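Trainee: Quick one: sequence plus predicted model below, questions after.
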Amino acid sequence: MRVMRAEPKRFADVSSRTVGAVWRAYDLQLTTYAALLGAVGLVMAYVNTVEAGQTALANGGVFSRAMIWSGLAIVVFLITTAFDYSWIKTFAWPIYAINIGLLVLTKLIGDGVGGSARWVAIGPLTFQFSELAKILMIGVLAAYLGNREGKLDSFGSILGAVVLIIPPWVLVMMQPDLGTSLCLLAILVGMLFMSGASLKWLIAGALGVVAAIPLVWTYILQDYQRQRIETFLNPGQDTLGAAFQVSQAQLAVQAGGALGVGLTNGAQSQGQILAVRESDFVFAVLAQELGFVGAVVVFLLFAALIWRVLVSAWRSKDPFGTLYGAGVASMLLFQVLINVGMVVGLLPVTGIPLPFISHGGASLVSIALGLGVIQSINIRQQRAEW
């Protein structure tokens, strides 16, 4: 299968263009949708702080930390937008090495729950480098695949991309973090598909993954990960034990009705009944307090944002830009589908955050970094068509 691609072209230095020309190429819609989703995330952080019995601006509270991370994400977005994205292609291999180094560092000194090693303390804050790994790998894969334009019908080129993803995938699985490792694979598949890689090799790879499921189940998955899958397959067997969290999340979604019960009025999210309600299960809080209508509005914002990312990718005259946009869109779509599917019981619990809305600085800053690169690609192209 082939997709339409633009030929690479020499780019003009953005500094030589007028402010008006840069502004016309800037995708204001993309930034608007991202900002609105970020605002929803701050509202959910406020709700979770109040429902935990804290004041909104309590020191170290969810909302105060969310405000700090949001400010940092805005700074990262602006700096990355001004940065010439073509340098990512030039330094793809050093970026790859840094990515591996950060994941190794996480394994060595990282903290977590139940013996895991996922977060590294940076002053008063903690950072999850596996979230950053997703964005860094998008850049590395975009550079690799873009340099092999027209050669992706060969098994060797596809295998090269798979080999690139294996080290970070293994390091993330060792933390262990099944959700992020699955997201890395989704990014790879999305970028290979958009690059025009041979469909027969992609199908062969998918069949290989299916054939490897017994090995993954026996030798790779942790006991608690297998338990989550078993609970998903038999949700009614232990609603007061392993399935309690999912059952409470579903009750919260159902209780929201059409218009919701109102902010800070959620029964499941008060009194710690719904655990990790600020991160993995934040959609349950959102659906309960804003209702079906609020959830649909959020879905529409996600759809609009992903659409603008894909528009930026399709309009890029540089194969790197096209592939980078495909990677960011694949990441966002996968995380939204898996997180919401997990909350409503259509998928097993995997711990994947809902972009912008789940509390987590690493996720928010990493997404801001990725969208900043998308805008950098936009303003170094011709004027965007609305």
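Mentor: Received, thanks.
Trainee: so what's F77 up against?
Mentor: 368-369, 371-372, 375 (CB atoms under 8 Å, 6 or more residues apart in numbering). Any C-beta I mention is one placed from the backbone N, CA and C, and that applies to glycine too.
Trainee: For it, which three-state class applies?
Mentor: Three-state call for F77 (DSSP: H, G, I helix; E, B strand; the rest coil): helix.
Trainee: so the closest residue to I100 other than its chain neighbours is in which element?
Mentor: Nearest residue to I100 in three dimensions, chain neighbours excluded: P167, at 5.7 Å (CB to CB, 6 or more residues apart in numbering). Here P167 sits within helix 155-173, counting by DSSP states H and E.
Trainee: In that helix, which of the residues would be classed as buried?
Mentor: 157-158, 160-161, 164-165, 168-169, 171-173 (16 or more other CB atoms under 10 Å).
Trainee: Alpha carbons of it, as PDB, please.
Mentor: What follows is helix 155-173 as a C-alpha-only set of coordinates in PDB (Å, rounded to 0.1, in the frame of the first residue of the first chain):
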ATOM      1  CA  PHE A 155      11.700  -6.300   4.600                       C
ATOM      2  CA  GLY A 156      15.000  -4.900   5.700                       C
ATOM      3  CA  SER A 157      13.800  -1.300   6.000                       C
ATOM      4  CA  ILE A 158      10.800  -2.400   8.100                       C
ATOM      5  CA  LEU A 159      12.900  -4.700  10.200                       C
ATOM      6  CA  GLY A 160      15.300  -1.700  10.900                       C
ATOM      7  CA  ALA A 161      12.400   0.300  12.300                       C
ATOM      8  CA  VAL A 162      11.400  -2.700  14.500                       C
ATOM      9  CA  VAL A 163      15.000  -3.100  15.700                       C
ATOM     10  CA  LEU A 164      15.000   0.600  16.700                       C
ATOM     11  CA  ILE A 165      11.900   0.200  18.900                       C
ATOM     12  CA  ILE A 166      13.000  -3.000  20.600                       C
ATOM     13  CA  PRO A 167      15.500  -1.500  23.200                       C
ATOM     14  CA  PRO A 168      13.200   1.200  24.500                       C
ATOM     15  CA  TRP A 169      10.300  -1.200  24.500                       C
ATOM     16  CA  VAL A 170      12.300  -3.800  26.500                       C
ATOM     17  CA  LEU A 171      13.400  -1.100  29.000                       C
ATOM     18  CA  VAL A 172       9.800   0.200  29.500                       C
ATOM     19  CA  MET A 173       8.600  -3.400  30.000                       C
END
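Trainee: elements contacting that helix?
Mentor: With contacts taken as 3 or more CB pairs under 8 Å, 6 or more residues apart in numbering; DSSP states H and E, helix 155-173 sits against helix 92-109, helix 129-146, helix 178-195, helix 199-211.
Trainee: buried set for the last one?
Mentor: By that I understand helix 199-211. 201, 205.
Trainee: The first one too?
Mentor: Judged by neighbour count using 16+ other CB under 10 Å, the buried positions of helix 92-109 are 92, 95-96, 99, 102-103, 106.
Trainee: what's the closest non-adjacent residue to T49?
Mentor: Nearest non-adjacent residue to T49, counting by CB to CB, 6+ apart: F63, 4.1 Å away.
Trainee: Would you mind confirming that that neighbour is in contact with E51?
Mentor: No. Checked against CB atoms under 8 Å, the pair F63 and E51 is beyond contact range at 11.0 Å.
Trainee: rewinding a little: nearest to R380, of the helices and strands packed on helix 155-173?
Mentor: Distance to R380, taken as CB to CB, is lowest for helix 129-146 among the helices and strands packed on helix 155-173, at 14.7 Å.
Trainee: just checking, what packs against the closest one?
Mentor: Counting contacts by 3+ CB pairs under 8 Å, 6+ apart, helix 129-146 packs against helix 86-90, helix 92-109, helix 155-173, helix 178-195, helix 319-343, helix 361-379.
Trainee: export it as CSV, just CAs?
Mentor: Taking C-alpha atoms only, helix 129-146 is exported to CSV below (Å, rounded to 0.1, in the frame of the first residue of the first chain):
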residue,chain,number,x,y,z
PHE,A,129,10.8,9.4,31.3
SER,A,130,8.8,6.6,29.5
GLU,A,131,6.3,9.3,28.6
LEU,A,132,9.1,11.4,27.0
ALA,A,133,10.4,8.2,25.3
LYS,A,134,7.2,8.1,23.1
ILE,A,135,7.9,11.6,21.7
LEU,A,136,11.6,11.0,21.3
MET,A,137,11.0,7.7,19.4
ILE,A,138,8.5,9.5,17.1
GLY,A,139,11.4,11.8,16.0
VAL,A,140,13.9,9.0,15.6
LEU,A,141,11.5,6.8,13.6
ALA,A,142,10.4,9.8,11.4
ALA,A,143,14.1,10.4,10.6
TYR,A,144,14.8,6.8,9.9
LEU,A,145,11.7,6.2,7.7
GLY,A,146,11.9,9.5,6.0
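Trainee: Only the buried residues of that helix, if you could.
Mentor: Per 16+ other CB under 10 Å, helix 129-146 contains these buried residues: 129-146.
Trainee: low-scoring stretches of the stretch 251-386 of the chain, by residue?
Mentor: 267-276, 382-386 (pLDDT under 70).
Trainee: mind redoing it with 50?
Mentor: Along the stretch 251-386 of the chain, the model assigns pLDDT under 50 to residues 383-386.
Trainee: try the stretch 51-200 of the chain
Mentor: Using pLDDT under 50, nothing in the stretch 51-200 of the chain is flagged.
Trainee: make it 70
Mentor: Within the stretch 51-200 of the chain, the stretches with pLDDT under 70 are 112-117, 123-125.
Trainee: Please convert the helices and strands packed on helix 129-146 to CSV, extending it with distance to V47.
Mentor: Putting these into CSV (distance: least, CB to CB, whole Å) gives the following:
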stretch, distance to V47
helix 86-90, 37
helix 92-109, 30
helix 155-173, 30
helix 178-195, 23
helix 319-343, 16
helix 361-379, 17
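Trainee: Out of the ones you listed, which is closest to Y33?
Mentor: Nearest to Y33, of the helices and strands packed on helix 129-146 and by CB to CB, is helix 361-379 at 9.8 Å.
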